[in-house]
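In: just coords:
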Ligand code: ADP
Ligand code: MG
């Protein structure tokens with residue numbers, strides 16, 4: 001009986017059959033990689049299930065070429081598949097890829113992305129008319145055959161395969177003008193492709209050559225080869241193959257540590273965030289090997305959350321094959337390796353920041369949020385690890401700077417690190433409080449992401465310099481003289497200011513200021529919560545009532561509007577004074593990027609005054 005492929009599988013299959021993906025030869029890498037996974041799974045099962053006995057040396061992959069029937073066969077004695085698994089695994093796209101594939105279905109032209117789907121098995125159809133899979137699961141007495149000639153479906157029936165494992169027979173397509181599929185029946189071609197793509201596979205890949213069984217791959221895992229013997233490109237291929245990425249990694253870290261706990265590691269920093277990185281679905285972790293044998297696919301204990309973007313593997317002789325998930329956290333070796341990896345990753349990132357700023361900024365755009373979150377969520381405890389990895393936009397350069405760079409060029413009299421918050425750089429530039437601080441010649445960090453200010457607040461300070469929001473009333477840039485002048489002004493106009501304050505519900509007081517240059521008004525926050533933080537808190541789903549910034553409205557004492565307010569008060573025109581106050585307050589909100597409380601009232605007021 002013929003069964004139908006699931007819709008997205010069919011679509012993918014169509015793409016494969018028509019070979020939009022020009023790099024056809026990768027089918028071999030994909031099928032070998034599946035065979036190797038199946039062998040891994042079997043040896044992993046044997047570790048945990050006493051009933052399953054495996055002779056380690058017997059695990060292997062075999063390739064058979066038959067020019068007469070024009071078939072290429074790949075055989076493994078791994079875990080195998082039962083009927084249901086054949087159905088689920090080969091009838092649908094691998095789970096690793098399906099979500100993303102569905103997302104970008106409309107964008108089928110974007111074929112370079114294909115590696116990330118784990119389309120692996122279907123790539124067989126790039127070169128074959130028909131694919132037959134005989135498989136027997138290690139846990140079943142029965143064997144089954146899956147067969148398909150492409151999009152119109154597949155069939156499954158019982159078969160008489162005796163040994164556990166999987167045999168995949170590819171019936172090659174007819175040769176065409178552009179494609180000589182016969183090439184894949186040549187021993188030399190296969191030898192070359194195995195060397196090129198699958199050399200590191202740690203099971204022997206065997207083939208008959210001149211009537212002798214030969215092993216085609218060196219079997220030395222890439223992380224155990226001499227560093228000088230591995231080309232950059234090989235690491236990149238290894239990464240894209242093993243970690244389902246379509247882009248090569250931004251940075252590769254290979255290290256070897258000898259000591260109380262010895263290990264080798266091969267780590268990769270991706271060049272972009274995986275599509276689910278900032279979601280709950282993302283699982284951090286490194287592959288864990290013990291003497292070259294995979295014992296865990298995602299060991300999360302090896303990475304702190306703030307480096308969760310790192311992919312790769314660790315191989316250690318000191319880790320027992322029988323290590324259990326439950327005891328990982330207390331495992332001395334794991335803790336020691338994790339500590340050492342953390343230091344290594346930190347150093348590498350710092351070096352990248354130092355020597356390859358462009359790469360680092362690319363990295364930071366995608367993963368900087370995770371570093372900031374590391375500081376924030378640890379209440380600043382992790383700041384020693386992370387603070388020198390942070391970047392913020394600078395008002396001086398309008399590009400990213402580090403905190404170290406900032407303080408290295410602080411003016412002599414500058415005691416604090418100034419920052420301003422806004423949704424965008426353009427808006428930050430336009431903030432009324434920014435203008436004056438810049439005029440005094442100070443550099444300001446522009447914080448445009450919602451986590452930024454929370455991060456700085458959790459750090460408290462950097463190299464003993466505290467962070468001060470230019471909108472904070474604590475900002476203190478005035479000379480004694482200027483202060484005195486301002487105090488006197490506020491004192492003499494006390495009654496006016498109080499009257500204005502009473503008409504405005506949402507501000508705690510109104511004052512004159514000399515900290516604005518051309519702008520008439522601004523809002524300044526008092527206490528720990530800034531206006532910007534309040535915006536973030538308000539947008540959170542479980543916004544706690546009562547978390548509010550205490551806000552002071554400041555009027556520029558040197559602006560003509562100040563004079564006008566004084567006049568209105570002297571003329572006892574309280575009605576107009578109230579209208580002016582309201583308009584000024586809403587203006588200030590607009591400048592801060594807040595919404596106007598009551599737009600109708602505002603526009604009516606403005607029109608009324610315009611008509612006068
Ligand atoms: P992926 O390898 O990314 O999961 P593939 O399309 O390459 O996706 O394979 C789909 C699934 O089919 C695999 O996850 C595996 O469960 C199963 N499979 C493929 N080849 C084999 C094999 N040789 N032995 C056992 N299972 C296999
Ligand atoms: Mg695969």
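Out: The structure has been received and is ready for your questions. Everything numeric here is computed off the predicted structure, so don't read it as measured data. Ligands and ions are numbered 1, 2, ... in the order given.
In: switch to C-alpha atoms for all contacts and neighbour counts from now on
Out: Fine.
In: Make sure residue 393 is indeed in a helix.
Out: No - counting by DSSP: H, G, I helix; E, B strand; the rest coil, one finds residue 393 to be strand, located in no helix.
In: Not including adjacent chain positions, what is the nearest residue to it?
Out: Once flanking residues are discounted, residue 393 sits nearest to residue 400: 4.4 Å by CA to CA, 6 or more residues apart in numbering.
In: Could you pick out the residues of the chain near ligand 2 for me?
Out: Neighbours of ligand 2 within the chain, by CA under 5 Å from the ion: 34, 120.
In: Would you mind measuring from the nearest residue to residue 381 once chain neighbours are set aside to residue 53?
Out: Distances taken as CA to CA, 6+ apart place residue 375 nearest to residue 381, at 6.8 Å, with adjacent residues excluded. Counting by CA to CA, to the nearest Å, the separation of residue 375 from residue 53 is 48 Å.
In: okay, the two: which has more neighbours?
Out: residue 375 (24 against 12; other CA atoms under 10 Å).
In: in what helix or strand does the residue nearest to residue 381 lie?
Out: Secondary structure from DSSP states H and E places residue 375 in helix 357-377.
In: Now that helix: average pLDDT?
Out: The average of the pLDDT scores along helix 357-377 is 96.
In: Which of the residues in that helix are classified as buried?
Out: Buried residues in helix 357-377, defined by neighbour count with 16 or more other CA atoms under 10 Å: 360-361, 363-364, 366-376.
In: All the helices of the stretch 401-550 of the chain, in order from the start?
Out: Ranges of helices in the stretch 401-550 of the chain, per DSSP state H, counting those that start in this stretch, are 403-408, 425-430, 432-439, 452-459, 480-492, 494-503, 531-539.
In: The last one to helix 452-459, inter-axis angle?
Out: Going back to what we said before, that points to helix 531-539. Calculated by axes from the mean of the first three to the mean of the last three CA atoms, to 10 degrees, helix 531-539 forms an angle of 110 degrees with helix 452-459.
In: Give me the helices and strands touching whichever helix or strand comes after helix 531-539, please.
Out: Sequence-wise, the next helix or strand downstream of helix 531-539 (DSSP H and E) is strand 550-556. In terms of contacts (3 or more CA pairs under 8 Å, 6 or more residues apart in numbering; DSSP states H and E), strand 550-556 is packed against strand 509-513, strand 521-526.
In: Can you lay out those strands as TSV showing mean pLDDT, mean neighbour count and distance to residue 317?
Out: Output for these, formatted as TSV (pLDDT from 0 to 100; neighbours: other CA atoms under 10 Å; distance: least, CA to CA, whole Å):
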stretch	mean pLDDT	mean neighbour count	distance to residue 317
strand 509-513	93	22	68
strand 521-526	87	24	57
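In: isn't residue 83 right up against residue 144?
Out: Yes - in this structure, residue 83 is within contact of residue 144 by CA atoms under 8 Å, at 6.2 Å.
In: ok and the residue in the stretch 351-500 of the chain nearest ligand 1?
Out: Relative to ligand 1, the nearest point of the stretch 351-500 of the chain is residue 366 (24.6 Å; CA to the nearest ligand atom).
In: Report how many residues lie close to the closest residue in space to that residue that isn't next to it in sequence.
Out: Distances taken as CA to CA, 6+ apart place residue 273 nearest to residue 366, at 5.7 Å, with adjacent residues excluded. Using other CA under 10 Å, residue 273 has 14 other residues around it.
In: just residue 170 next, same as before
Out: By the measure other CA under 10 Å, the count of residues near residue 170 is 21.
In: What residues are recorded as beta-bridge partners of it?
Out: Residue 170 has these beta-bridge partners by DSSP bridges: residue 72, residue 131.
In: Can you list phi and psi of the residue nearest to residue 535 when sequence neighbours are not counted for me?
Out: Spatial nearest neighbour of residue 535, excluding adjacent residues (CA to CA, 6+ apart): residue 594 at 7.9 Å. Geometry field for residue 594 lists phi and psi as phi -90, psi 170, criterion degrees, to the nearest 10.
In: picking that back up, you'd agree the residue nearest to residue 393 is up against residue 391?
Out: Yes - using CA under 8 Å, residue 400 is in contact with residue 391, at 5.6 Å.
In: Tell me how far the residue nearest to residue 535 lies from residue 607.
Out: Note on residue 594: its distance to residue 607, by CA to CA, is 22 Å.
In: ok, the nearest residue to residue 316 once chain neighbours are set aside - how many residues close by?
Out: Residue nearest to residue 316 in three dimensions, not counting chain neighbours: residue 263, with 4.3 Å by CA to CA, 6+ apart. Residue 263 is flanked by 21 other residues according to other CA under 10 Å.
In: again, but for residue 33
Out: Residue 33: 19 surrounding residues under other CA under 10 Å.
In: any idea how far residue 427 lies from residue 475?
Out: For residue 427, the distance to residue 475 equals 20 Å [CA to CA].
In: List the contacts of residue 591.
Out: Residue 591 sits next to 430-432, 522 when contact means CA atoms under 8 Å, 6 or more residues apart in numbering.
In: Can you give me the pLDDT of residue 207?
Out: On the pLDDT scale, residue 207 gets 98.
In: Residue 72 is in contact with that one, correct?
Out: No - at 11.3 Å, residue 207 does not count as touching residue 72 under the criterion of CA under 8 Å.
In: Identify the contacts common to the two.
Out: Taking CA under 8 Å, 6+ apart as the criterion, residue 207 and residue 72 both touch 63-64.
In: What residue in the stretch 51-200 of the chain comes nearest to ligand 2?
Out: Residue nearest to ligand 2 within the stretch 51-200 of the chain (CA to the ion): residue 120, separated by 4.2 Å.
In: What is the neighbour count of the nearest residue to that residue once chain neighbours are set aside?
Out: Counting by CA to CA, 6+ apart, residue 30 is the residue found nearest to residue 120 once chain neighbours are left out, at 4.9 Å. For residue 30, the neighbour count with other CA under 10 Å is 22.
In: Provide the backbone phi and psi angles at residue 30.
Out: According to degrees, to the nearest 10, residue 30 has phi -60, psi -40.
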